[in-house]
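**Q** dropping the sequence and predicted coords here.
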Amino acid sequence: MRIRTTVGVTLAGASALALLTGCGAADMTKQASPFANAGGPKSLTLSVQSWVGAQSNVAVAQYVLEHKLGYHVDTVQVDEIPAWDALSQGRVDALLEDWSHPDQEKRYVDDKKTVTPAGELGVTGHIGWYVPTYFAKQHPDVTNWKNLNKYASLFRTPESGGKGQLMDGSPAYVTHDKALVKNLKLDYQVVFAGSEAAQITQMKQFAKEKKPFLTYWYTPQWLFKKVPMTEVKLPPYKEGCDSAPTKITCAYPHTPLRKFLNTDFAKSGGKAAAFLKNFKWTTEDQNEVSLLIADQKLSPEEAAKKWVDTHPTVWKRWLP
């Protein structure tokens with residue numbers, strides 16, 4: 001989702017960036033951004049991931065930067081891994097919600113030093129498996145993964161090939177679900193809806209019909225207010241249990257979400273860089289804006305304005 005002054009780089013463009021930075025390709029990390037300072041020295045570009053929480057971060061940051069600090073802000077919609085490549089290359093100046101990508105962090109922060117950490121967002125993210133609460137109340141033992149095979153037949157869909165369906169969103173998201181299903185010997189098939197929006201549409205339809213479903217989902221997320229869901233307990237997460245993704249048998253961790261800046265921008269971005277380092281809000285703040293965008297159908301700019309108008313004590317703390 002884009003906000004007012006959006007540079008024309010979409011997911012297809014992100015894929016091209018990924019190809020440029022692939023194994024054996026020329027080192028593009030020092031390449032000048034084609035968008036850098038497009039509107040003069042008080043100009044910057046923010047990366048927007050495809051889920052609504054990330055869109056909410058960018059909407060509010062952009063609104064304050066433009067209306068309170070006088071910057072020109074462009075946005076670029078980029079998937080998670082290509083966003084790191086674009087950030088390193090200077091094609092975007094900031095990534096405001098990272099769900100932990102240690103390989104990219106080692107490459108760009110530790111080794112190449114083209115990306116600089118910008119602190120925590122203030123929101124803790126958690127991925128898990130969920131069933132609708134109406135189903136969990138009827139079958140309380142479904143919330144333990146050891147009992148999932150007992151209910152596999154109830155979660156079948158035409159897409160799951162005779163097995164129970166575990167619904168995922170986009171293959172580009174952080175997911176270990178195929179390995180978990182295999183390693184935990186579960187009679188389930190991972191089926192990708194294709195995007196967060198498509199996944200939400202399916203969950204809302206299941207809920208409307210009071211049908212059972214098992215889904216990969218995450219917090220923070222506004223949909224919990226509309227479709228209450230209960231987490232299925234997977235084997236507990238322990239440090240390092242996910243170090244070999246193909247062998248994983250544990251739950252997803254709780255991850256403090258973090259921000260990152262292009263290193264050159266971090267050094268020379270002035271008040272904009274300082275503001276983005278200061279940008280920190282709560283899960284409740286993010287969900288409030290997300291609900292305005294996704295459920296009440298306000299534009300990101302309208303949602304941001306409404307939130308900014310009613311939370312001056314929060315955003316004024318971010319000003320340099």
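**A** Ah, there it is.
**Q** run the chain-centre distance for the longest strand along the chain.
**A** Secondary structure of the chain per DSSP state E: the longest strand is strand 115-132. Put simply, strand 115-132 sits 8 Å off its chain's centre (C-alpha atoms, centre = their mean, to the nearest Å).
**Q** kindly report the same for stretch 169-177.
**A** The chain centroid and the centroid of stretch 169-177 are separated by 11 Å, computed with C-alpha atoms, centre = their mean.
**Q** picking that back up, pLDDT of the longest strand of the chain, averaged?
**A** For strand 115-132, the mean per-residue pLDDT is 97.
**Q** residues of it that come out buried?
**A** 115-116, 118, 121, 123, 125-132 (16 or more other C-beta atoms under 10 Å). Bear in mind the C-beta positions are built from the backbone N, C-alpha and C, glycine included.
**Q** stretch 89-101 now?
**A** Neighbour count says stretch 89-101 has 89-99, 101 buried, by 16+ other C-beta under 10 Å.
**Q** sorry, back to before: ok, the longest strand of the chain: who's next to it in the sheet?
**A** strand 214-219 (antiparallel), strand 229-232 (antiparallel), strand 254-262 (antiparallel) (DSSP bridges).
**Q** using CSV, list the CA coordinates for the last one.
**A** Below are the C-alpha coordinates for strand 254-262, written out as CSV (Å, rounded to 0.1, in the frame of the first residue of the first chain):
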residue,chain,number,x,y,z
HIS,A,254,9.0,-13.4,20.4
THR,A,255,11.0,-10.8,18.5
PRO,A,256,11.4,-7.1,19.4
LEU,A,257,10.9,-5.5,16.0
ARG,A,258,13.8,-3.2,14.9
LYS,A,259,14.5,-0.4,12.5
PHE,A,260,17.5,0.0,10.2
LEU,A,261,18.9,2.9,8.2
ASN,A,262,21.2,3.1,5.2
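**Q** list the buried residues for that strand?
**A** 255, 257-262.
**Q** also stretch 67-79?
**A** Result for stretch 67-79 [16+ other C-beta under 10 Å]: buried residues 69, 71-79.
**Q** kindly report the same for stretch 168-187.
**A** Those would be 168-170, 172-181, 184, 186-187, for stretch 168-187 by 16+ other C-beta under 10 Å.
**Q** between the two ends of that stretch, how far is it?
**A** In stretch 168-187, first residue to last residue: 16 Å (C-alpha to C-alpha, to the nearest Å).
**Q** pull the distance from that stretch to the chain's centre.
**A** So, by C-alpha atoms, centre = their mean, the centroid of stretch 168-187 is 17 Å from its chain's centroid.
**Q** which residues does Gln165 bridge with?
**A** Going by DSSP bridges, Gln165 forms beta bridges with Gln189.
**Q** burial count for it?
**A** For Gln165, the count of nearby residues is 22 (other C-beta atoms under 10 Å).
**Q** start to end distance for stretch 243-263?
**A** 28 Å.
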